[in-house]
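Asker: Sequence and predicted structure, then a few things I'm wondering about:
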Amino acid sequence: MVALWASAALLVTGIILSTMVRNNERRSFQQLLHAYMQNLMSVIEIDEQGNVVGSPDFGDPRFVELSSGWFWTIAKSEEANTPIAHSASFSGDLAELPAEVTTPFDADFRRVSIVADPSGELLMQLETQLTLDEDETLYQFRVTGNTRDVDMSVAQFNRTLIQYFLLYCAGTILVMFFLIRLGLRPVLEATNALHDVRQGEKQQLDGTYPVEIQPMVGEINALITTNRSIVERARTQVGNLAHALKTPLAVIVNEVRTPNVDQSELIAEQADLMKSQVQTYLDRARIAAQRDVIVSRTPVFPILSKLLRVMQRLVPDTDFEILECDENIIFRGEEQDLEEIFGNLLENASRFAKTSVLVSVQDQAVEAGGVGQFRIEIEDDGTGLSPDQKDSALKRGTRLDESQPGSGLGLSIVADIATEYGGSFKLEDSESGGLKAVIVLPKLAASSK
């Protein structure tokens, strides 16, 4: 906006300067014609026979060059277009010229007119009237000059003015660019620091900033602190709610576990299901509350390695193997959510695997303007599932193998967590004949700026 106003001001200034120069050139041109007119009148006389005698010496070759646009004439006022004396540059077709601008004679019997010659060029014409003899015959003197010189002089000035203005504009823009870059560098540093805070690499904006933006930095740090306090209070309330609900449910479970009573078993099963559902929805609320605020950073490889060691001890007959895992991949979320995903998928795979469970974690290409993602694949060599069974497996509370313990919430919990983080979850066929769980989650770069 400043550049636009500066350009507009330069344009107006250029127009004013060009107009002033043109007016000054025209005044100088008129003064030159007045000088020629004084010279002409001082040497012209009327002899005894009534003829005009005398010839001025202007020292200007244009007055002897035909079609130069410069000439002088003398005629009787009643026959102004029939010269009785003229310069060598005068031709007959210049006797009567159409006037573009005509003014009346002033008090000194002078006037200036703008006329056009047969070729279309504009001429400035100075006229005056005076008597030269005793008969008081009124004679009209005329000196005419070509305004081409004025136009060329103004055009040359305009070209020079434009060149200097362009240099001035270029210099101004260059200086403003560097001044803005230097002046806004602290703002850019604050922006990068805020990005680091959002990515979880820093807790607050640190560093020294100019006094102009230091209050803003202080307010941002206060906002970050307030945001963390709100999140922590929300977590505390969620935890309190969870404990408040889990305790009565635990009492119900303990009270209804009476041997050989079908109703008690049904109530116990439903109570367990209620506990799982309460925990699931509390987790989803926690994830939704933290989405789009300051994120956590959770390295994937350490979590996966820890859970695989635990699963290997729990299920020693099954071989758990990592096919691929980039150690630089960082989950853009909380550690407990990643543990929940790996735990459910590994547990589900170990139930149906014959001999082995294979895990791979792959980085995915980032689309323009998109959030980085990574892909988790966990597959077993079991019997697999049909397409209908795959659809049913993702439904809440569905248990594909009733002989195995569980609430049927594991895969639906994984799907919910992936959805809340903006990822995806699906089941595919494994190359070994079993089931492959594929989940895509957001990631952070190892060192994001």
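Answerer: Yep, it's here. Quantities reported herein were computed from a predicted structural model and do not represent experimental measurements.

Asker: can you pull out the helices in the stretch 201-350 of the chain?
Answerer: Assigned by DSSP state H, counting those that start in this stretch, the helices in the stretch 201-350 of the chain fall at 214-256, 262-290, 300-314, 335-352.

Asker: among the ones you listed, where is the model least confident on average?
Answerer: The stretch with the lowest average pLDDT out of these is helix 262-290, scoring a mean of 63.

Asker: Skipping adjacent residues, who's closest to residue 78 in space?
Answerer: Residue nearest to residue 78 in three dimensions, not counting chain neighbours: residue 138, with 7.8 Å by C-beta to C-beta, 6 or more residues apart in numbering. No exception for glycine: its C-beta is placed from N, CA and C like everyone else's.

Asker: Across the sheet, point out what pairs with the one you found.
Answerer: According to DSSP bridges, residue 131 are recorded as the beta-bridge partners of residue 138.

Asker: what about it, neighbour count?
Answerer: The criterion is other C-beta atoms under 10 Å. On that basis, residue 138 has 13 neighbouring residues.

Asker: what does residue 385 give?
Answerer: Using other C-beta under 10 Å as the criterion, residue 385 is surrounded by 18 other residues.

Asker: circling back to that earlier point, check the gap between the residue nearest to residue 78 and residue 109 for me.
Answerer: Residue 138 is 9 Å from residue 109, where distance means C-beta to C-beta, to the nearest Å.

Asker: any residues in contact with both of the two?
Answerer: For the pair residue 138 and residue 109, residues contacting each of them under the criterion C-beta atoms under 8 Å, 6 or more residues apart in numbering are 129-130.

Asker: Quickly list what residue 375 is bridged to.
Answerer: The residues paired with residue 375 through beta bridges, assigned by DSSP bridges, are residue 362, residue 440.

Asker: tell me the contacts of the residue nearest to residue 165 when sequence neighbours are not counted?
Answerer: Spatially, and ignoring its direct neighbours in sequence, residue 165 is nearest to residue 10 (5.5 Å; C-beta to C-beta, 6+ apart). Residue 10 makes contact with 165, 168-169 under the criterion C-beta under 8 Å, 6+ apart.

Asker: before we move on, what about residue 63?
Answerer: Going by C-beta under 8 Å, 6+ apart, the list of residues near residue 63 reads 70-72, 87-89.

Asker: For residue 332, give me its contacts.
Answerer: Each residue near residue 332 by C-beta under 8 Å, 6+ apart is listed here: 295-297, 371-372, 421, 441-444.

Asker: That one and residue 375, how far apart?
Answerer: Residue 332 is 14 Å from residue 375, by C-beta to C-beta.

Asker: same deal with residue 39?
Answerer: Counting by C-beta to C-beta, the gap between residue 39 and residue 375 amounts to 98 Å.

Asker: Per-residue pLDDT of residue 21, please?
Answerer: Looking at residue 21, its pLDDT is 90.

Asker: what about residue 350, how many neighbours?
Answerer: Residue crowding around residue 350 was assessed by other C-beta under 10 Å; the count is 20.

Asker: What does the residue nearest to residue 300 when sequence neighbours are not counted show for phi and psi?
Answerer: Computed as C-beta to C-beta, 6+ apart, the closest residue to residue 300 that is not its neighbour in sequence is residue 329, at 4.7 Å. Its backbone dihedrals place residue 329 at phi -70, psi 130, with angles given as degrees, to the nearest 10.

Asker: thinking residue 329 is in contact with residue 302, fair?
Answerer: No: in this structure, residue 329 is not within contact of residue 302 by C-beta atoms under 8 Å, at 11.0 Å.

Asker: returning to what we had before: same list as before, the contacts of residue 10 that is, but in JSON lines and with pLDDT included.
Answerer: Output for the contacts of residue 10, formatted as JSON lines (pLDDT from 0 to 100):
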{"residue": "165", "pLDDT": "86"}
{"residue": "168", "pLDDT": "85"}
{"residue": "169", "pLDDT": "83"}
